[in-house]
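A.B. asks: Generate coordinates for the sequence data below:
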Amino acid sequence: MSLNWKEINLILEELDLEGAQIQDAVQSAYDVVIFRLHKKGITKNLMVSLSSGACRIHETYKTFPKSDKPLRFAQFLNSRVVNGWIIEAVQLGDNRIVRIAVKRSESVFNLYIRLWSNAANFIVTDENGIVLDAMRRLPKRGEVTGGSYKPENAEVKDRPLREYEVRELPGDESYNKKIDTFYAAKGGSLSLESLKEQARRSCEGSMARISAALDRLREKRALFSDAGRLKNYGDLILSNIALIKPDDKWLETDNNGEIIRIELEPRIKPAAMAEKYYEQYRKAKSGITEIEREITAGEKELKEVTEKLNRLLEETNPLVLSKMLKSSVSSSVNIPKKEKTRPGLTFRRGDWQIIVGRDASENDELLRRHVKGNDLWLHARDYHGSYVFIKQRSGKTVPLDILLDAGNLAIFYSKGRNNGEGDLFYTSVKYLRRAKDGPKGLVIPTQEKNLRIKADEERLRTLENCRVY
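C.D. replies: Here you go, the predicted structure:
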């Protein structure tokens, strides 16, 4: 349980921080800072804790561990505010944000301590509200160096102060002393339960996502495992081709003493329908191996997440658990996803990726499994040749230079290479539709645009150096 606004005001009143000099700043954990203050011959230790479920500010009378290696935020505080003098220490209304103004030489710094359990932070700004650093760097909130933070300017709604009371705690000492004793005895467990709940939410969300993906893969495996049925459908259609009428939607026939019904598409000729079932059979047969591999990888990932959750829930030290959670998030963010092995050629220009299919099989495979609806497709207009794809980047428009790169590759890997120039179609992949009864990989573009390309030898040489192997 974190401090409420009335408790914060009482603690600040007892502390009487104005006129105290900050002599040292120690970061004993990632979310705890202790200041050593001196005023009128008296030295006291001021603790600021942003621990989840136990956010607080108060004088501490207990010894505290020092980190073997000085942490980043403590180093910043020692370089900017240590040896400065506190000229103000107030809470902003009932908002549980404490502002401590510190003057050092000719500079004034504002230390904002936001004691919100779900969004706690310690932010240092200059006089103009420009963020110099923060204990927790939160770019989306602007709580990073160079951002702006002035909670005093936030819109204040016309509402009564929230009703809270100062908790009654045992003892006859100051409220700072009572709070320090209370959190020394219970603060760790309060923070620990909150951290464990955070671990549950994180891991159980991942486990649900992985389990849902595994269910879909197993359904697909069951379908693909029955691949022989699809081949049998094709055989039965061809053996009964003379009996099928143009508008038939079903074929009922005997199959070794069993009457089975095979779905037909009236617009497709029987021979083409049989070939469609054969194509599904070939796809199922080749896809079963990949599905088995994905299922194995998914089961392994699910086991790893389950074991990680068990380790987190077994931890009894909230500081250690907090570090484990931060390490877990950091590792999941920094490990790049392994790209699927794909056919064709890949070129990378800056942050843009261009993929080239060199024949019908590669074109078809890329379309089926390796590109998405918003990726850009290019193809020589009057010649057989490669499909070229520009992978879309979120929120970005394809630059002209990248479009010219892809256009040059489309001409170079087409039958019109020797002409040195040609017209291209280009459109988004989502505007392609497969040609009925057409050869493998053949598509018909819609909403296409035209592009005239004259081969640029220098550009092609540059692209060759950008090829990814």
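
A.B. asks: Got the domain ranges for the chain?
C.D. replies: 5-167, 192-334, 345-468 (automatic domain parsing).

A.B. asks: Compare those domains and give me the one nearest Lys177.
C.D. replies: Distance to Lys177, taken as CB to CB, is lowest for domain 5-167 among these, at 6.5 Å. All C-beta atoms are positioned from the backbone trio N, CA, C, and that covers glycine.

A.B. asks: Tell me the spacing between the spatially closest residue to Asp364 that is not a sequence neighbour and Glu290.
C.D. replies: Spatial nearest neighbour of Asp364, chain neighbours left out: Gly441 (3.6 Å); criterion: CB to CB, 6 or more residues apart in numbering. Distance of Gly441 to Glu290, given as CB to CB, to the nearest Å: 19 Å.

A.B. asks: who's more crowded, the two?
C.D. replies: Gly441 (19 against 13; other CB atoms under 10 Å).

A.B. asks: Where is the longest helix in this protein?
C.D. replies: Using DSSP state H to define each element, the chain has its longest helix at helix 175-225.

A.B. asks: Counting by contacts, list what it packs against.
C.D. replies: Judged by 3 or more CB pairs under 8 Å, 6 or more residues apart in numbering; DSSP states H and E, helix 175-225 is in contact with helix 5-15, strand 42-49, strand 56-60, helix 270-314, helix 318-334.

A.B. asks: Packed most tightly, which of the ones you listed would that be?
C.D. replies: Comparing the helices and strands packed on helix 175-225 by mean neighbour count (mean count of other CB atoms under 10 Å), strand 56-60 ranks first with a mean of 24.

A.B. asks: Contacts only, for His384.
C.D. replies: By CB atoms under 8 Å, 6 or more residues apart in numbering, the contact set of His384 is 414-415.

A.B. asks: State the pLDDT value of it.
C.D. replies: Looking at His384, its pLDDT stands at 84.

A.B. asks: how close does Arg261 sit to Tyr233?
C.D. replies: 10 Å.

A.B. asks: Pick out whichever of those two has more residues nearby.
C.D. replies: When Arg261 and Tyr233 are compared on other CB under 10 Å, the one with more neighbours turns out to be Tyr233, at 24 against 10.

A.B. asks: so that one sits right up against Tyr277, yeah?
C.D. replies: Yes: using CB atoms under 8 Å, Tyr233 makes contact with Tyr277 at a distance of 4.4 Å.

A.B. asks: that older thread, confidence-wise, which of the domains of the chain is weakest overall?
C.D. replies: The lowest average pLDDT among those, as it happens, falls on domain 192-334, at a mean of 82.

A.B. asks: returning to that earlier point: could you pull up the contacting residues of the residue nearest to Asp364?
C.D. replies: 357, 360-361, 363-364, 367, 387.

A.B. asks: How is Thr341 assigned, secondary-structure-wise?
C.D. replies: Of the three states, Thr341 takes coil under DSSP: H, G, I helix; E, B strand; the rest coil.

A.B. asks: What are the boundaries of the strands in the stretch 1-150 of the chain?
C.D. replies: Remark: strands assigned in the stretch 1-150 of the chain by DSSP state E, counting those that start in this stretch are 21-29, 32-39, 42-49, 56-60, 85-91, 97-104, 107-114, 121-125, 131-134.

A.B. asks: Adding distance to Arg459, write the ones you listed out as TSV.
C.D. replies: Conversion of the strands of the stretch 1-150 of the chain to TSV gives the following (distance: least, CB to CB, whole Å):
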stretch	distance to Arg459
strand 21-29	53
strand 32-39	55
strand 42-49	58
strand 56-60	62
strand 85-91	63
strand 97-104	56
strand 107-114	53
strand 121-125	49
strand 131-134	44
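
A.B. asks: Ser327: which of those strands is closest?
C.D. replies: strand 21-29 (13.8 Å).

A.B. asks: for the closest one, which positions count as buried?
C.D. replies: Neighbour-count burial for strand 21-29, counted by 16 or more other CB atoms under 10 Å, picks out 21-22, 24-29.

A.B. asks: Need the residues that contact stretch 118-125.
C.D. replies: By CB under 8 Å, 6+ apart, stretch 118-125 touches 31, 33, 48, 50, 52, 55, 73, 76-77, 80-81, 109-114, 131-136, 138, 143, 149-150.

A.B. asks: Correction: the previous question concerned stretch 262-281.
C.D. replies: With CB under 8 Å, 6+ apart as the criterion, stretch 262-281 contacts 227-228, 230-231, 233-238, 241, 244, 246-253, 436-437.

A.B. asks: Among these, name the ones in strands.
C.D. replies: 250-253 (DSSP state E).

A.B. asks: distance of Asp215 from Arg417?
C.D. replies: With CB to CB as the criterion, Asp215 and Arg417 are 48 Å apart.

A.B. asks: out of these two, which sits in the busier spot?
C.D. replies: Shown here are Asp215 and Arg417; by other CB under 10 Å, Arg417 has more neighbours (14 against 11).

A.B. asks: Chain neighbours aside, what residue packs nearest to that one?
C.D. replies: Ile411 (6.6 Å).

A.B. asks: Could you measure from that neighbour over to Glu421?
C.D. replies: 7 Å.

A.B. asks: Leu451: what's it in contact with?
C.D. replies: 378, 403, 407, 423-424, 426.

A.B. asks: An error on my part: the question was meant for Phe109.
C.D. replies: 80-81, 84, 101-103, 124-127, 132.

A.B. asks: Name the nearest residue to it, sequence neighbours excluded.
C.D. replies: In space, Phe109 is closest to Val102, 4.9 Å off (CB to CB, 6+ apart).

A.B. asks: now the one you found: how far from Ile179?
C.D. replies: From Val102 to Ile179 the distance is 23 Å (CB to CB).

A.B. asks: same question, Ala272
C.D. replies: When Ala272 is compared with Ile179 (using CB to CB), they lie 80 Å apart.

A.B. asks: do the same with Val108
C.D. replies: Counting by CB to CB, the gap from Val108 to Ile179 is 29 Å.

A.B. asks: ok, these two, which is more surrounded?
C.D. replies: Legend: neighbour count by other CB under 10 Å for Val108 and Ile179, higher for Ile179 (25 against 15).

A.B. asks: In this structure the more buried one contacts Asn4, no?
C.D. replies: No: Ile179 is not in contact with Asn4 according to CB under 8 Å; the separation is 11.6 Å.

A.B. asks: circling back to that earlier point, can you check which residues contact both of Ile411 and Glu421?
C.D. replies: By CB under 8 Å, 6+ apart, the residues touching both Ile411 and Glu421 are 453, 455.

A.B. asks: Of the two, which one has the most company?
C.D. replies: Ile411 (26 against 10).

A.B. asks: Within the helices and strands, which one has the more buried one?
C.D. replies: helix 400-412 (DSSP states H and E).

A.B. asks: ok, then the element right after that helix?
C.D. replies: strand 421-428.

A.B. asks: Could you spell out the sheet neighbours of the helix or strand following that next one, each with its direction?
C.D. replies: Per DSSP H and E, strand 421-428 leads on to strand 432-434 as the next helix or strand towards the C-terminus. Strand 432-434 pairs in its sheet with strand 443-445 (antiparallel), by DSSP bridges.
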